[in-house]
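Colleague: what follows is a protein structure lacking sequence information:
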């Protein structure tokens with residue numbers, strides 16, 4: 001009977017050991033998945049804060065230096081003249097005063 005008890009105890013111990021290994025494996029898988037998810041969340045938060053910081057910080061750029069070269073002054077054109085032989089038409093009076101009571 002001692003052999004039966006001894007064999008039975010060993011079989012139960014082996015089953016418990018296998019269950020413990022399976023539980024440890026499942027725990028390790030869950031822990032790795034949780035670590036990956038936490039790393040993704042942390043990376044997303046860092047990227048989001050970097051985008052927000054980029055949008056909110058004012059850009060300080062040096063002003064553009066432009067050198068303007070002025071062109072030489074253009075010569076004035078001759079005034080417009082009447083063609084030779086023609087006279088300007090007589091100037092019409094700008095306004096006439098009419099006496100209505102007369």
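Modeller: Done, it's in. From a predicted model like this one, the values you see are computed outputs, not experimental measurements.
Colleague: quick one: the helices in this structure?
Modeller: 2-56 (DSSP state H).
Colleague: in it, where is pLDDT below threshold?
Modeller: Low-confidence segments of the chain (pLDDT under 70): 1-9, 73-74, 82-83, 85-96, 102.
Colleague: what's the separation between the most centrally placed residue in the chain and residue 98?
Modeller: What sits nearest the mean C-alpha location of the chain, by C-alpha atoms, centre = their mean, is residue 55, with 6.7 Å. Distance, residue 55 to residue 98, by C-beta to C-beta, to the nearest Å: 75 Å. C-beta coordinates here come from the backbone N, C-alpha and C atoms, glycine included.
Colleague: do the same with residue 78
Modeller: 43 Å.
Colleague: same question for residue 11.
Modeller: 138 Å.
Colleague: between the two, which one's more packed in?
Modeller: Neighbour totals were compared for residue 11 and residue 98, and residue 11 leads with 10 against 5 (other C-beta atoms under 10 Å).
Colleague: list the contacts of the more buried one.
Modeller: Residues near residue 11 by C-beta atoms under 8 Å, 6 or more residues apart in numbering: none.
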